[in-house]
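Visitor: Predicted model and sequence below, questions to follow.
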Amino acid sequence: MRDDGTQRTTVLHSQQPAPRRADDDPLKVAVIYYSATGSVHALAQSVADGARDSGGSVRVVRVHETVPRDIVERNPLWARHLDATERVPLATLADVRAADVILLGTPTRFGHVSSQLQAFIDTWGELWGANAFADKVFSAFTSTATNHGGQETTLMSIYTTVCHLGGVIVPPGYTEPGLFETGNPYGASSVSRNGELPPTDADLQSAYVVGRRATQVAADLRTGRRLRQR
């Protein structure tokens with residue numbers, strides 16, 4: 001079972017995660033997302049699965065809905081999803097501070113990050129001022145209503161923020177054959193037709209790779225730091 005009480009989706013993958021040494025503390029992974037009608041929520045679960053299968057200690061959290069309820073109610077899919085995910089914990093600065101890996105998900109809004117996720121990111125100033133993001137690993141995922149509806153610009157806008165934070169960007173690239181099907185080397189993505197279509201198996205697989213690869217790279221970076229400290 002997942003954090004929100006739903007069943008875990010089975011995702012096929014072509015590579016087994018590297019075994020973690022028993023004396024290593026698990027990397028802390030925060031999957032932080034906003035989802036209006038459910039597509040990004042579904043991607044977030046597969047991202048979390050990939051991170052867990054790479055040995056990460058994963059916390060899945062959603063950002064606060066900032067749109068007034070009367071506007072949400074105008075879209076039944078939006079209202080239904082908001083009610084269905086009320087058990088998913090809300091993201092806090094403590095989640096961000098504790099994480100070794102931060103995986104950010106958002107639907108596209110006019111080719112950019114949703115205002116809900118951006119509002120949460122905008123609270124990170126004090127942590128940034130304390131250099132708390134240096135060398136944390138980041139990756140991202142998104143969903144659009146239409147084909148080529150701003151997926152790449154949304155992901156790159158997230159990564160622009162990561163550059164300011166001093167984080168390490170780990171995109172999926174084309175590191176597995178299945179990623180050529182989605183055709184997005186920048187992060188996981190899907191097309192929802194305004195919430196009518198769930199992510200495909202290929203979309204979920206790419207999300208799985210995002211979580212797994214980011215966690216694996218973070219583990220390698222931590223190993224390298226420990227070796228240098230000896």
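Guide: Now that the structure is in, tell me what you want to look at.
Visitor: Show me which helix runs longest in the chain.
Guide: Among the elements of the chain assigned as helix by DSSP state H, the one spanning the most residues is helix 201-229.
Visitor: For that helix, buried residues please.
Guide: 202-219, 221-222 (16 or more other CB atoms under 10 Å). Using the backbone N, CA and C atoms, a C-beta is placed for each residue, glycine as well.
Visitor: With stretch 39-49 instead?
Guide: The neighbour-count criterion (16+ other CB under 10 Å) identifies 39, 40, 41, 42, 43, 44, 45, 46, 47, 48, 49 as the buried residues of stretch 39-49.
Visitor: Remind me which helix or strand the third one belongs to.
Guide: This points to residue 41. Per DSSP states H and E, residue 41 falls inside helix 39-53.
Visitor: What's the first helix or strand after that helix?
Guide: Using DSSP H and E, the helix or strand that directly follows helix 39-53 along the chain is strand 57-62.
Visitor: Could you list the residues in contact with that next one?
Guide: Residues lying outside strand 57-62 but in contact with it, judged by CB atoms under 8 Å, 6 or more residues apart in numbering, are 2-4, 26-35, 41, 44-45, 48, 51-52, 85, 88-92, 95, 99, 211.
Visitor: Which secondary structure element of the chain has the lowest mean pLDDT?
Guide: For the chain, using mean pLDDT, DSSP states H and E, the weakest element among its helices and strands is helix 179-182, scoring a mean of 87.
Visitor: all strands in this structure, in order from the N-terminus.
Guide: In the chain, strands defined by DSSP state E lie at 28-33, 57-62, 101-109, 112-113, 137-144, 168-169, 188-191, listed in chain order.
Visitor: residues in contact with stretch 69-83?
Guide: Identification of contacts with stretch 69-83 by CB under 8 Å, 6+ apart yields 35, 36, 37, 38, 41, 65, 194, 195, 196.
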